[in-house]
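*Asks:* Sequence first, predicted coordinates after that:
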Amino acid sequence: MKSKKIDTIISSIGKLPTLPTVYMKLSHLLTTPDSSIKMISNIISEDQAVAAMVLKIVNSASYGFYNKIGDLQRAIVILGMNEIKSLVLAASMSTIVKDFKSSNAFNMQQFWKHAIGCAIIAKVLAETAYLKDPEDVFTGGLLHDIGKLIHATYLCEEFNDVVANVVKTGSQMSESEKKILGFDHAQTGSALAKKWNLPWKTVNMIAYHHLSYMPDTLTKEIAAVHIGNSLCVAFRMGSGGEKRIPIVNQKAWEILELKLSDLEYVMQRSTKLFEESISIMEFE
Ligand SMILES: [Fe+2]
Ligand SMILES: [Fe+2]
């Protein structure tokens, strides 16, 4: 009965939100060999709100550029394609999430702050641990709880019960979801990411962010998102509805090969980036 229901939900995901158009066009363009800075800048400029937000972020204090960057083409050259791509995703998703309605049970603004917070901490962890693509980790962090957005929007009644159960029992949301819905937001979110044709590593960061079930290979990217999520709850950067700080998996911590003293730098840098990002995205 319950497994039938997840199939129904997943098969109806086609009617659910699509990836932002600018992001999709940008991802496609970046795979073509003859893409130019001008073409990339033109695509971002199609959405003026997103273009303006990207420039604001690039010019914020945490990037530390002495001279103001006034045009997108320069921003692309300075930051590089991967960073621009993840900024475009964050900026465009933030405008999309604003259209989703909060309910008594689930506050969208707090949810989105949690997503941005997790993305930033996971990225700073990835940079500190010298991972190759910290921007990919940012994307995984940004989308890690996207399944909750689907549950809150399309399974409102059951999701209200889930939230009530979390409040009553203090259990993790994924445990309450499994009990009430038969599946959790990591499963729904990763199914959506597959529908969106996101790379496998992004799908896996979403699917395994709780590490309540272990992947065949525990990657450093999954570990960074897993720890980023716990730290984000611990430091109260927004809220994804959890009442308890998720316990950090020991293996995930070990695989990143960080020292406990690195955490102080990670949280100082992340807090600064978080505050700037949410003020630029007008989520204050
Ligand atoms: Fe989660
Ligand atoms: Fe989360």
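*Replies:* Yep, that arrived. Quantities reported herein were computed from a predicted structural model and do not represent experimental measurements. Ligands and ions are numbered 1, 2, ... in the order given.
*Asks:* Point to the residue nearest the middle of the protein.
*Replies:* Against the mean C-alpha coordinate of the chain, by C-alpha atoms, centre = their mean, the closest residue is residue 142 at 0.8 Å.
*Asks:* That one contacts residue 121, correct?
*Replies:* No. Using C-beta atoms under 8 Å, residue 142 is not in contact with residue 121, being 11.4 Å away. Where C-beta positions appear, they are placed from N, C-alpha and C, glycine not excepted.
*Asks:* The residue nearest to the centre of the chain: which element?
*Replies:* helix 134-143 (DSSP states H and E).
*Asks:* That helix - contacts with which helices or strands?
*Replies:* For helix 134-143, the packing partners by 3 or more C-beta pairs under 8 Å, 6 or more residues apart in numbering; DSSP states H and E come out as helix 81-97, helix 108-128, helix 200-207, helix 220-234.
*Asks:* Kindly recompute the last result at 10 Å.
*Replies:* Using 3 or more C-beta pairs under 10 Å, 6 or more residues apart in numbering; DSSP states H and E as the contact test, the elements touching helix 134-143 are helix 81-97, helix 108-128, helix 185-195, helix 200-207, helix 220-234.
*Asks:* residues in contact with the residue of the stretch 1-150 of the chain found nearest ligand 2?
*Replies:* Closest residue of the stretch 1-150 of the chain to ligand 2, C-beta to the ion: residue 145 (4.2 Å). Neighbour list for residue 145: 111-112, 114-115, 118, 151, 173-174, 185-186, 189, 206, 209, 229, 240-242 [criterion: C-beta atoms under 10 Å, 6 or more residues apart in numbering].
*Asks:* Those: which ones sit near ligand 2?
*Replies:* Of the residues in those, proximity to ligand 2 by C-beta under 5 Å from the ion holds for 229, 240.
*Asks:* how close does the residue lying closest to residue 85 once chain neighbours are set aside sit to residue 74?
*Replies:* Spatial nearest neighbour of residue 85, chain neighbours left out: residue 26 (5.8 Å); criterion: C-beta to C-beta, 6 or more residues apart in numbering. Taking C-beta to C-beta, to the nearest Å as the measure, residue 26 and residue 74 are separated by 17 Å.
*Asks:* Among those two, which residue is more densely surrounded?
*Replies:* More neighbours surround residue 26 than the other of residue 26 and residue 74, with 22 against 17 (other C-beta atoms under 10 Å).
*Asks:* List the contacts of the helix or strand harbouring the more buried one.
*Replies:* Residue 26 belongs to helix 21-31 when assigned by DSSP H and E. The contact list for helix 21-31 (C-beta under 10 Å, 6+ apart) reads 18-20, 35-36, 39-40, 42-47, 49-51, 54, 81-82, 84-86, 88-93, 139, 196-199.
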